[in-house]
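[1] Just to be clear, the model below is a prediction. Sequence and coordinates:
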Amino acid sequence: MTTYTWALLWGGLLSCAAASAQDTTRTTKQIEEVTIRNRVKSTEINLLGAIKTEKIGARELLKAACCNLSESFETTPSVDVAFTDAVSGYKQIQMLGLTGAYTYFTRENIPDIRGLASITGLSYTPGTWIEGMQLSKGTGSVVNGFESVAGQINVEWKKPFEDKEPTALVNLYQSTQARTEANLVFRNQFSGNLSTNLLLHGRSNWARIDQNNDGFMDQPLDKQFVGANRWFWHNDKGLEIQGGIKGVYTTNTGGQLNYNRDVPQVTGNPWGYQSDVQRLEGWAKIGKVFARNPGSSMGLQLAGTYHNQESQFGARRYEGRQQSFYANLIYQTLLGTTDHVLKAGASLQHDQYDETLSGNPYGRTESVPGVFTEYSYNGNDKWNVVAGLRADYHNLYGAFVTPRLHVRYTPWEKASLRASVGRAQRTANIFAENMGFMASNRSFVIDRPETGMAYGLKPEVAWNTGLNFTQKFRLNYRDGSFSTDYYYTDFQNQIVVDIEDPTQVRFYNLDGRSFAHSLQAQFDYELIRNLDLRLAYRWYDVRTTYDGVEKERPLVAAHRAFANVGYETRNHWKLDYTVQLIGPKRIPATYSHHGGGTEGESYSPAFVQMSAQISKSWKNDDVEVYLGGENLTNYMQHPMILGSEHPFSTGFDASLIWGPAMGRNLYAGLRWKIQ
Amino acid sequence: MKRLVFSSLFSVIALTASAQTADVKTDTIAVSGNCSMCKKRIEDAAYSKGVKRADWNDETKKLVVVYRPSKTNLTAIQQHIAAAGHDAGPVAAKEADYKKLPDCCQYKSNSCNH
């Protein structure tokens, strides 16, 4: 077996991918993936496997040339992306109508941006580093933990041992919104057994830009550096070890145009935002394939995270520190034949949080050891089943059981019908996940806190049920697919984020119902050769009980329609165009700046977003130049910041964001592969 | 609006599909090549006037080509592929065209693993 095959085999085995029904055939599957690279669709939904997985490939990622994880979903209808507020520049995602914190992010199947980094962390993975992503909705596999409520997004980095990767990849980017970015990905294969990656990213927003003339910078001045180094080693006896470290350093300064760092936040001075983050991650994976016992393997994943954030939103100070440790041991074996696969293992998630908001300290330690087992049936072409069960003991909330079930059925050729049901539990990091509301003069209030719990609140518990259908077809000699899915998330407990009172953001345990219905239909077709069309529509009905009254979740669009056209010429021009219609969102009552009191709730207008990109490559794609534009219609939310004239007075609110917080952006860049 | 787009799209496809069923031929030919990079070049070359679909398999080295005999013929398609540097059925590539291939696609001497 070639070393390359070994490496891939190992990558696959260790990753314990969410779709595990095919793991038995992993060896052959991996080899196939090497040789069979057909004209791979930029986004592919597979027909096999019990869990529906959208594979978002490098080509899809290139459609949104910029720049990090939060911006790489612009052409993915399953994910909504929106600004968290009008000053910090952070974007957060939404899946199944639920905010990004309910989606479980993993880097090569190790939990990535949990906890305090659930919003900011999306910017810590530069797009250039990413080889591909797998997106699955619903609760996913128990092997990966108990937290995923809305879905899982696994990000694969570029691999140092893959011959298709260049020795160095250089990406440079410049936008008219004064954003400059540089990315470097180096790889080196020392011998057949040892290889390494060095990944570097630097970014700066260096001009004070105010496209909507409200006196506030549309995005903060910032500097961001991310660096990572990782190593892969294996021997010929089925042992592989890999490990890496990643460091993040960011410093942001935003707010009113004439704000400078550390200017005292009192009336009369410019209102300011500043935020500094330092983060360090280290991880290791150790795996062993038992050659004597085909299909058996053992893997150990270890990860540690240190995260430190110091932020200031006007007079409000927020500091947060997280130290986390994660270990996951997975054993996999065949039960008799390759038809039956059993995985079993044990995990430990340990988190220590120390936060301070406006001088009030909030600290806690969470330690959750657990055991899990997952059975996969892969015995015939018609059916797949993945049934998982895990039991965990939470030091604050006690023992709980997490069952999850995924079934696939093939009703007829080229079609796949899947169903899933599962439980999820997580602790809400109420401050970090709702940092956008700090950009306001709302006071943060926790209702009826109980002792011995995180923020005095219970854990969030949800059941997610899903049904989806995918039909591939060939029409007029061109391939296409139609896919539709429906998911229903029902919260048994949720930490309700109540912004119905314009002077407060209140957090309390759910008393009543809270649920999210999500329906999506997507149609992909290659109209003529190399001209790909994607049409999608999705509908949400997300409701929560606020103080006994069931209301639509604010700032969530019920309707979104999406169209994307991509064309590639024979002489290596690529053109891409995306247009979306985003429907109205409910805006809760706001503070009346004419005489105090409140103004009733309202709905935002529907609006259209357009983006386009053109690129040209030379020398077998080794050199590529791209030029693009986002928000081409220059549509911006108005008004964006409420009470922007009096930022230190009641009613100042930069957090009710339903539309684009930045105007038209044009950019140009270069990708250069050095072989 | 959306419904209109969908329905008009489908009717266009349906019309073009029904119009041509009588005049379509499928052939399989052997085409030399190595990898996915070759695949793209081979298929690009095969997609000449009158070709509806071309799929090259890098394991079997076989190209399945669907075309309209009223507009083209197999020899013409093979000549297009040979001009891109790849031997196609009975039509061999000229040495000069073969030499233009990137190193890893020079299938007579090298192999590539992507």
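    Alright, I've got the coordinates.
[2] Now for the closest residue to A:Gln520 other than its chain neighbours: which residues touch it?
    Once flanking residues are discounted, A:Gln520 sits nearest to A:Arg538: 4.0 Å by Cβ to Cβ, 6 or more residues apart in numbering or on different chains. From N, CA and C alone the C-beta is placed, and that goes for glycine too. Contact partners of A:Arg538, counting by Cβ atoms under 8 Å, 6 or more residues apart in numbering or on different chains, are A:Pro77, A:Ser78, A:Ser518, A:Leu519, A:Gln520, A:Ala521, A:His559, A:Arg560, A:Phe562.
[3] Between these, which sits nearest A:Gln301?
    A:Ser78 (26.3 Å; Cβ to Cβ).
[4] What segments of the stretch 401-550 of chain A are strands?
    For the stretch 401-550 of chain A, strands defined by DSSP state E, counting those that start in this stretch occupy the ranges A:415-426, A:443-446, A:460-475, A:478-493, A:495-498, A:504-509, A:514-528, A:531-546, A:549-552.
[5] Using JSON lines, please lay out these together with distance to A:Ala207 and mean pLDDT.
    Listed next are the strands of the stretch 401-550 of chain A as JSON lines, based on distance: least, Cβ to Cβ, whole Å; pLDDT from 0 to 100:
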{"stretch": "strand A:415-426", "distance to A:Ala207": "39", "mean pLDDT": "96"}
{"stretch": "strand A:443-446", "distance to A:Ala207": "32", "mean pLDDT": "96"}
{"stretch": "strand A:460-475", "distance to A:Ala207": "40", "mean pLDDT": "95"}
{"stretch": "strand A:478-493", "distance to A:Ala207": "41", "mean pLDDT": "96"}
{"stretch": "strand A:495-498", "distance to A:Ala207": "33", "mean pLDDT": "97"}
{"stretch": "strand A:504-509", "distance to A:Ala207": "32", "mean pLDDT": "96"}
{"stretch": "strand A:514-528", "distance to A:Ala207": "38", "mean pLDDT": "96"}
{"stretch": "strand A:531-546", "distance to A:Ala207": "35", "mean pLDDT": "96"}
{"stretch": "strand A:549-552", "distance to A:Ala207": "38", "mean pLDDT": "97"}
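[6] okay if I get the ones you listed as TSV plus distance to A:Glu156?
    Conversion of the strands of the stretch 401-550 of chain A to TSV gives the following (distance: least, Cβ to Cβ, whole Å):
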stretch	distance to A:Glu156
strand A:415-426	22
strand A:443-446	37
strand A:460-475	22
strand A:478-493	22
strand A:495-498	32
strand A:504-509	35
strand A:514-528	22
strand A:531-546	22
strand A:549-552	36
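[7] from these, which stretch is densest packed?
    strand A:495-498 (a mean of 22; mean count of other Cβ atoms under 10 Å in any protein chain shown).
[8] Direction included, what does it pair up with?
    strand A:504-509 (antiparallel) (DSSP bridges).
[9] could you dump the strand it pairs with to CSV, C-alpha only?
    Extracted as CSV, the C-alpha positions of strand A:504-509 are listed here (Å, rounded to 0.1, in the frame of the first residue of the first chain):
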residue,chain,number,x,y,z
GLN,A,504,-33.0,45.3,28.6
VAL,A,505,-31.8,41.9,27.4
ARG,A,506,-33.2,39.3,29.8
PHE,A,507,-32.1,35.7,30.1
TYR,A,508,-34.4,33.1,31.7
ASN,A,509,-35.3,29.4,31.5
